[in-house]
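Student: One predicted model, sequence on top.
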Amino acid sequence: MALHKPQEPLLQPIAISYNRAHHRFAIFVAVVTFFLIIAGALVTSNDAGLSVPDWPTSFGSLYKIPHLVGGVKFEHTHRMIAQFVGFLSIILAVWTWRADPRRWMKYLGLTALGLVIAQGILGGITVLFYLPPAVSSAHAALAQTFFCVVVLIALFTGQNWVEEIPLVEIDRERPSLFALVLFSIVVLYVQLILGAMFRHHGLSWWPHVLNAATVAIVLTWTCVRALSRYSGLDGVRRPAITLLSLLIAQLCLGFVAFLTRVAWGHDAVQPELPMVVSTVAHVAVGALLLATTVVLAAQVWLRVPVVEERIPSRERKQVAA
Amino acid sequence: MNKKLWAAMFILGLLALLAGCSKKENTNEEQTTSPSSEMKPSATATPIDPATAASVSGTVTFGGAAPKAAKIDMSQDAACKGNNVAETIVANDGKLANVFVYVKDGLGDRTFDVPKDSVTIDQKGCRYHPHVLGVMTGQNIEIRNDDETTHNIHPTPKDNREWNESQPPKAAAIEKNFAREEIMLPVKCNQHPWMKMYVNVVKTPFYAVTGEDGKYEIKGLPPGDYTLAFVQEKLGEQTQKITLAAKDSKTVDQGFKP
């Protein structure tokens, strides 16, 4: 399939300038959010979710840091990082609103802020109602949704996205690569919910394990299609390779997590280190996997359009012949 | 999909979540919420003639080699010191401790006064004392913290109200009770995840917990046919049918296998 060079009517970014500080700040928020997800996973794996029994206060105070021992160390650290991410999200939303001329980016910044507020409320509800599986699982799923939105903001504010005139290949195969990537996001999201329900005692382990096979097949199909047809497009090749690598790592981690928690750890008198390490790593790589798939979706949307009519967009203007 | 549809889906999702939470909250409201409230028997206590009262006693044993007690790692809190092995199965010379023995069936509609005396749960050495407790519905439970660290007490019942309170060192005792019958109701501390105990809530005073020697004794039973249940946190429940005549003093032993 031939690459389209911008000779005939093709694409060019609208006149927006790359804002390095804004972009780097978005990356910073994404990195801190990733650590927040790890901190949240540590709370669950250490069974420390209710070690601080009150919310929004911690042991009756909004600002005092309690003695960080036992489960409190995990729960209160998670709360502090969450507060920091909330603060960063306000800055990111305001900055995006003021600095980014794209209207949809302004709304994406606000979406991130709305999600982090909803996430905080869900975190509070789950503490006040003693970790109901549905709420705790929603908290886990929303965390990764927020992470994906912040990663997208970082992607859309990047120099490549803002300034590059992308090489484009028309996708005439069915299902299209874009459809495959969207399907990958759906199966990953289902997997995320099943995993969260299992971790929060709302479901047995087997739906999550069974769906892992679906995830592996769909993601491999997507990556193979992306790499076999569009390896000439850096923006597609890189996330596809990353996705495949993360998928392999995640399947291995899932197996180890199953051994340490289900097979060997079901009678454990306390959370044991191998279980904690493997399950937290499984959650963290899962978050990276979902975010990478979302990035791939954005890149495929940009670089591998399904029909030619969709190529012109508000973001781009046609180059004069 | 347009923006309005997305917004509607988001709001619906939030409403569904809140509905789920409200449902659980309603369930909680059916039970007592006041820490100091005492449950009273619904009917007048039925008297038992002490002249005919019988008793049952025995030894609970564990067949086979006792599993090696798992070590507990208390290093995450320097204030936690002392015995650091799990109490999941405590068997000494084949005698099984921490088995809750109670009259499961045979007392009919008899009602019993709630004892005025409290029972105590003590947190010492980052462990619960006792590990298995029997208590009547509505009976006051006094929870103490004798450790130099903060604990949180978090029962996770199926039929009673769930609660979770922290208790700093030297804090006043927390007083609670459970309104409904529930066997092997888990209580845990989320700050020290190895801390677990079980409260058994029954409507009658006819229960006991086996000691280190595996022995138990239940006194004051009226003559009759009963089902005696032996419950161990990991090994489950076993029952025996017994018949007690007036002034009987019967020995009923029970064996558990791994």
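Tutor: Arrived safely, thanks for sending.

Student: which bits of the stretch 51-200 of chain A sit near chain B?
Tutor: Residues of the stretch 51-200 of chain A lying close to chain B by CB under 8 Å from any CB of the partner chain are A:51-53, A:59, A:66-67, A:69-73, A:75, A:118, A:122, A:125, A:129-130, A:132, A:134-135, A:138. Where C-beta positions appear, they are placed from N, C-alpha and C, glycine not excepted.

Student: which of these are buried?
Tutor: Neighbour counting by 16 or more other CB atoms under 10 Å in any protein chain shown classes A:51-53, A:59, A:66, A:69-73, A:75, A:118, A:122, A:125, A:129-130, A:132, A:134-135, A:138 among these as buried.

Student: count of residues packed around A:Leu115?
Tutor: 20 (other CB atoms under 10 Å in any protein chain shown).

Student: Contacts only, for the closest residue to B:Ala246 other than its chain neighbours.
Tutor: Leaving aside its sequence neighbours, B:Ala246 sits nearest to B:Thr52 (CB to CB, 6 or more residues apart in numbering or on different chains; 3.9 Å). Neighbouring residues of B:Thr52 by CB atoms under 8 Å, 6 or more residues apart in numbering or on different chains: B:222-223, B:246-247.

Student: For B:Thr52, give its distance to chain A.
Tutor: 45 Å (CB to the nearest CB, to the nearest Å).

Student: phi, psi of that residue?
Tutor: phi -110, psi 0 (degrees, to the nearest 10).

Student: all strands for the stretch 151-258 of chain B, in order.
Tutor: B:151-155, B:165-167, B:174-176, B:182-188, B:196-202, B:207-209, B:215-221, B:224-232, B:236-244, B:249-251, B:254-256 (DSSP state E, counting those that start in this stretch).

Student: Could you list the residues in contact with the third one?
Tutor: Strand B:174-176 is contacted by residues B:35-36, B:118, B:140-143, B:153, B:163, B:165, B:167 when judged by CB under 8 Å, 6+ apart.

Student: Considering only those residues, which also neighbour chain A?
Tutor: Among the contacts of strand B:174-176, the residues within reach of chain A (CB under 8 Å from any CB) are B:Glu165.

Student: So which of the contacts of strand B:174-176 is the closest to chain A?
Tutor: Closest to chain A out of the contacts of strand B:174-176 is B:Glu165 (6.0 Å), distances taken as CB to the nearest CB.

Student: thinking that closest one is in contact with A:Pro53, fair?
Tutor: Yes - between B:Glu165 and A:Pro53 there is a contact at 6.0 Å, judged by CB atoms under 8 Å.

Student: Can you confirm whether the helix or strand hosting A:Ala41 lies near chain B?
Tutor: Per DSSP states H and E, A:Ala41 falls inside helix A:20-45. No - against chain B, helix A:20-45 shows no contacts by CB under 8 Å from any CB, the least distance being 9.8 Å.

Student: Name the next helix or strand following that helix along the chain.
Tutor: Following helix A:20-45 in sequence, per DSSP H and E, is helix A:70-99.

Student: Tell me the buried residues in that following helix?
Tutor: For helix A:70-99, using 16+ other CB under 10 Å, the buried residues are A:70-79, A:81-82, A:85, A:88-89, A:92-93, A:95-96, A:99.

Student: so what secondary structure elements neighbour the helix or strand just after it?
Tutor: Next in sequence after helix A:70-99, counting helices and strands by DSSP H and E, comes helix A:103-128. Taking 3 or more CB pairs under 8 Å, 6 or more residues apart in numbering or on different chains; DSSP states H and E as contact, the helices and strands that helix A:103-128 lies on are helix A:70-99, helix A:133-156, helix B:3-29.

Student: so what's A:Gly70 up against?
Tutor: Per CB under 8 Å, 6+ apart, neighbours of A:Gly70: A:48, A:51, B:76-77, B:149, B:191-193.

Student: Now it. Nearest residue, chain neighbours left out?
Tutor: Closest residue to A:Gly70 apart from its sequence neighbours, by CB to CB, 6+ apart: B:Gln191 at 3.7 Å.

Student: Pull out the buried residues from the contacts of B:Thr52.
Tutor: B:222-223.

Student: okay if I get the contacts of B:Thr52 as a markdown table plus distance to A:Val283 and pLDDT?
Tutor: Listed next are the contacts of B:Thr52 as a markdown table, based on distance: CB to CB, whole Å; pLDDT from 0 to 100:
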| residue | distance to A:Val283 | pLDDT |
| --- | --- | --- |
| B:Pro222 | 57 | 94 |
| B:Pro223 | 60 | 94 |
| B:Ala246 | 64 | 93 |
| B:Lys247 | 63 | 92 |
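
Student: care to break chain A down by domain?
Tutor: Split into domains by automatic domain parsing, chain A comes to A:19-157, A:171-304.

Student: B:Asp253 is in contact with B:Gly63, correct?
Tutor: No - the criterion here is CB under 8 Å, and B:Gly63 misses it with B:Asp253 at 11.9 Å.

Student: A:Gly120 contacts A:Ala82, correct?
Tutor: Yes - counting by CB under 8 Å, a contact exists between A:Gly120 and A:Ala82, whose distance comes to 6.5 Å.
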